[in-house]
Each structure stands twice: as structure tokens, then as C-alpha cells.
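**Student:** sequence? don't have it. structure:
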Ligand SMILES: Nc1ccn([C@@H]2O[C@H](COP(=O)(O)OP(=O)(O)OP(=O)(O)O)[C@@H](O)[C@H]2O)c(=O)n1
Ligand SMILES: C[C@](O)(CO)[C@H](O)COP(=O)(O)O
């Protein structure tokens, strides 16, 4: 199934506190988080996990940061012969995804009439979109493969997920907070990216969510837009290596993985 990948890399990384957008942060091997993320996509292609059409990368609006990440994308495209297009993002992650969707549609080709194969449809009459965080640099090909395989089986939305290892409680009140309940852990999953979608369905779901009252900040992943639009969202196995670099501790773990040779995709540098 022809697949376009949308990488959101426009976030500021406020919790990482690096002083530059998170996607520009260099890991211990001298390569930026975005380079690692792009390499994980091409590693998935080379492993036969995805039939890669093109990549759209959503970059910060600031012209200097956009130029810096644009250079990363340009060098990657020259090295791999993958089509990569950059587009400026927005204030919230969902704004950035929405900005990216317009670029993805151009890369994927026009949508066919409802229910038809359409020119960009491929064997299932649909174009697959993977929405992926630049902040998850080490996702193994098997996760890409599981997501695309679920899309090929006909589901319109699929998320990779891992089990939760802590006990999760709900709380209320100002400090000191009090516990109001304990969630049943067997029913909880920590959701990762890439999240896979039928492109036309996700475009419609985001349009619907944009018209709703929630606001972009309330939409912390794209599957939420699909859930709100009434779609069934499938779940496939994520991977601990799919963790998101959010804090300095995560960055230390990423660098330790690189130093130990545990992370994937290094052969592409
Ligand atoms: N306005 C935004 C916010 C986030 N992202 C992207 O969404 C992914 C996941 O978001 P998160 O880890 O929360 O990144 P930041 O928003 O940059 O981090 P923080 O919340 O700590 O500021 C990242 O790849 C980030 O670049 C984006 O493209 N545009
Ligand atoms: C999309 C995501 O990575 C799935 O876990 C996550 O929701 C991003 O959340 P954040 O609020 O942008 O950190």
C-alpha cells in the first residue's frame, strides 16, 4: 500500500529545555533527532515494511530553525532519493499535523470519489498515511510493518501501543491533591507513533475536530480525531524503542542506547 509519512518536528521541546526546537537537538552520535527519525523511516522501507511514496516534514515557523531542519531534509533526500517536502507548523501538535496534511495530499495525489479506488488509491483504493513524531528516533521496522499491515486489512486508523508499567490513579484538588480512583491497568496502553490512517478519512476527521469545541491542544494524538469521528481505531504492538524523547532523562537513555549499539537504523548515517 503506497504510504506517505508525515513527520511532525515543529515543537519547541519545552520539557527538554534544550534552548532549541527538540528535533534539532543532536544525539550522542552527532546526528539530530530528525535525522534519526528520517533514517528510521528509510530503514523501514529498506526492510520491506513500507512502500514509501514520500515524506512531509513539519518544521518550526521560525525561519532560522526552518532553514536548519530544511538542510537536514535536503541532505537526507539527496542521500536516499526519497522525496521530502517541508512545511511550517503551528502552535499545537494538531495544528502542525493539519498544516502537514495539505502537503501530504499534494504528495499522495488527488482523492478519488468516495468509495472509488481513486488515482492515489493503490490496490486497496486508499492511500496510507503514517503520522510520526520526530521525537521518537528509534522506532524499529517491525512497528511500521505492523501498522501498515493493519491498514491493508481495511482498518482506517491504527496505533502502536505498549502496556503501562505503573499503577495509574486519577486525582483532584489543588496541592495537596487527593486520589479519586485507580484505573484498571489491564485496560490501559501507552500509545506511540507512527499512527496509521487512511488519508482521506484522517483529513475528514481533522476537519470535523477543527469545527468542534475542543481546540487543538485537547487533541494530543491523531487517533483522537478518528475516535471522535466514529472510526474504530485498531491497536498493534508498539516497541520500547519507540519511546518519545520528552525530558533530559529520555535524552540520556537515547544516548546510552546509541553508545551501546542497541538502537536501530544506524547503518544509514
Ligand atoms: N506545535 C507542535 C508541537 C509538537 N510538535 C511535534 O509533535 C511531536 C510530539 O510532541 P512533544 O513531544 O510534545 O514535543 P514538543 O511540543 O516539542 O515538547 P514540549 O511539549 O515539551 O514542548 C514532536 O515531534 C514535536 O516536534 C509539532 O510538530 N508542533
Ligand atoms: C502523539 C503522541 O506521541 C502519542 O503518544 C503524544 O500524544 C504526543 O503528546 P505530546 O502532548 O505532544 O507530548
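**Tutor:** Structure's in. What do you need? Given the structure is predicted, the values throughout are model-derived calculations rather than measurements. Ligands and ions are numbered 1, 2, ... in the order given.

**Student:** in this protein, what residue sits furthest out from the centroid?
**Tutor:** residue 176 (35.4 Å; C-alpha atoms, centre = their mean).

**Student:** doesn't that residue fall inside a strand?
**Tutor:** No. According to DSSP: H, G, I helix; E, B strand; the rest coil, the state of residue 176 is coil, so it is not within a strand.

**Student:** and it, how far is that from residue 168?
**Tutor:** Separation of residue 176 from residue 168 (C-beta to C-beta, to the nearest Å): 19 Å. Every residue, glycine included, has its C-beta placed from N, CA and C.

**Student:** now do residue 155
**Tutor:** From residue 155 to residue 168 the distance is 26 Å (C-beta to C-beta).

**Student:** before we move on, what about residue 70?
**Tutor:** Distance from residue 70 to residue 168, by C-beta to C-beta: 40 Å.

**Student:** need the helices for the chain, in chain order.
**Tutor:** Taking DSSP state H as the test, the helices found in the chain are 33-46, 63-80, 93-108, 141-152, 199-211, 222-228, 248-260.

**Student:** Tell me which of those lies nearest to ligand 2.
**Tutor:** helix 93-108 (4.7 Å; C-beta to the nearest ligand atom).

**Student:** I'd assumed residue 161 was in contact with residue 192.
**Tutor:** Yes. Under the criterion of C-beta atoms under 8 Å, residue 192 makes contact with residue 161 at 6.6 Å.

**Student:** Centre-most residue in the chain?
**Tutor:** Most central in the chain (C-alpha atoms, centre = their mean) works out to residue 132, at 1.3 Å.

**Student:** ok, the residue in the stretch 1-150 of the chain that ligand 1 sits nearest to - contacts?
**Tutor:** Taking C-beta to the nearest ligand atom, ligand 1 has its nearest neighbour within the stretch 1-150 of the chain at residue 11, 2.0 Å off. Residue 11 sits next to 21-23, 60, 89, 93, 96, 134-135 when contact means C-beta atoms under 8 Å, 6 or more residues apart in numbering.
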